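>>> got a sequence here, can you build the structure:
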Amino acid sequence: MQLISLKSPREIELMRRAGRLTAAARKLAGEMVAPGVTTREIDHAVRDFIRSHGAEPSFLNYNGFAGSACISINDEVIHGIPGKRALKAGDIVSIDVGAYLDGYHGDCAATFPCGEVSSEAAHLIRVTEQCFWEGIRFARVGQRVSDISSAVQKYVEANGCSVVRDYVGHGVGSQLHEAPEVPNYGSPGRGARLQAGMTIAVEPMVNLGGYQIHVLSDGWTVKTNDGSLSAHYENTLLITDGEPEVLTVPGEL
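Below is the predicted model:
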């Protein structure tokens, strides 16, 4: 069983720096989402931006992944491989980025509309981001991991969508994926008890239709079984003695 890492004040400050850079890379990627832009162009911009600040993309070559960002479109849930595909008006584009700076990772994601999108797509994007904020109301000392999970699921389902079950959030620090796992569904009162100094990535993946998904033959890209739209939202956060601190926020680099 992997031990949960509690970060020292020095480690927390390093994670703040990595988080700010990661958030800035996400912002850059989102600003590039427009009809005609290829996912490879966004990926290369993210790679070059992260490296220009003395860091490395966390995802590049991670278990063989070919990109610096995961870029997933419409019914693609996560882990979309950047390539020649050009974005079209009406697409929704989920972009997941990570930056490894001075020995620590930041990890965050968001879903961006490409031009005008349908009301259903806009609703999905709103629900996916808001369920993150609903969940982290419980990211406090003494709560359990599944208190976050349960709050995410309740909000999503109350708004007519479904939560992906096969992939979860996770601890993050000197390793991109650390203990504990942070599901986006389940009953409250279960899992690890939250302690000050824990750093976790909470990342709801939400479908407009059913929650069932499958992996394509490329071994990476995850799609909804029913072809419904999917969205993704994620931040890295620090458990404190009070309110949780979101580490993946833009700031001075």
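>>> for His44, grab the count of nearby residues.
Residue crowding around His44 was assessed by other Cβ atoms under 10 Å; the count is 15. (C-beta placed from N, C-alpha, C; glycine too.)
>>> local confidence estimate at the closest residue to Gly19 other than its chain neighbours?
For Gly19, ignoring the flanking residues on the chain, the nearest one in space by Cβ to Cβ, 6 or more residues apart in numbering is Leu247 at 3.3 Å. Reported pLDDT at Leu247 in the predicted model: 98.
>>> was I right about Leu247 contacting Glu234?
No: applying Cβ atoms under 8 Å as the test, Leu247 and Glu234 come out as separate, 11.5 Å apart.
>>> residue boundaries of the strands in the stretch 101-250 of the chain?
104-113, 162-163, 169-171, 178-182, 199-202, 205-207, 213-215, 222-224, 230-232, 235-238, 245-246 (DSSP state E, counting those that start in this stretch).
>>> mind checking which of the ones you listed is nearest Gly83?
Counting by Cβ to Cβ, Gly83 lies closest to strand 222-224 out of those; the figure is 15.3 Å.
>>> what's the closest one packed up against?
strand 76-78, strand 213-215 (3 or more Cβ pairs under 8 Å, 6 or more residues apart in numbering; DSSP states H and E).
>>> packing partners for the top helix by length along the chain?
Under DSSP state H, the helix in the chain containing the largest number of residues is helix 9-32. For helix 9-32, the packing partners by 3+ Cβ pairs under 8 Å, 6+ apart come out as helix 39-52, strand 69-73, strand 92-101, strand 104-113, strand 235-238.
>>> in the stretch 1-150 of the chain, what spans have low per-residue confidence?
Applying pLDDT under 70 to the stretch 1-150 of the chain flags residues 1.
>>> if we can go back for a sec, buried stuff in the longest helix of the chain?
Within helix 9-32, the residues that count as buried by 16 or more other Cβ atoms under 10 Å are 11-12, 14-30, 32.
>>> what's the answer for stretch 234-243, then?
For stretch 234-243, by 16+ other Cβ under 10 Å, it's 234-239.
>>> now the end-to-end length of that stretch.
This stretch, stretch 234-243, spans 17 Å end to end (Cα to Cα, to the nearest Å).
>>> about what we covered before: now render the buried residues of stretch 234-243 as TSV, adding pLDDT.
Shown next, in TSV, are the buried residues of stretch 234-243 (pLDDT from 0 to 100):
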residue	pLDDT
Glu234	98
Asn235	98
Thr236	98
Leu237	98
Leu238	98
Ile239	98
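>>> thinking again about what came up before, could the strands of the stretch 101-250 of the chain be laid out in JSON lines, adding distance to Arg190?
As requested, the strands of the stretch 101-250 of the chain are exported to JSON lines (distance: least, Cβ to Cβ, whole Å):
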{"stretch": "strand 104-113", "distance to Arg190": "23"}
{"stretch": "strand 162-163", "distance to Arg190": "16"}
{"stretch": "strand 169-171", "distance to Arg190": "15"}
{"stretch": "strand 178-182", "distance to Arg190": "11"}
{"stretch": "strand 199-202", "distance to Arg190": "15"}
{"stretch": "strand 205-207", "distance to Arg190": "20"}
{"stretch": "strand 213-215", "distance to Arg190": "23"}
{"stretch": "strand 222-224", "distance to Arg190": "25"}
{"stretch": "strand 230-232", "distance to Arg190": "24"}
{"stretch": "strand 235-238", "distance to Arg190": "20"}
{"stretch": "strand 245-246", "distance to Arg190": "24"}
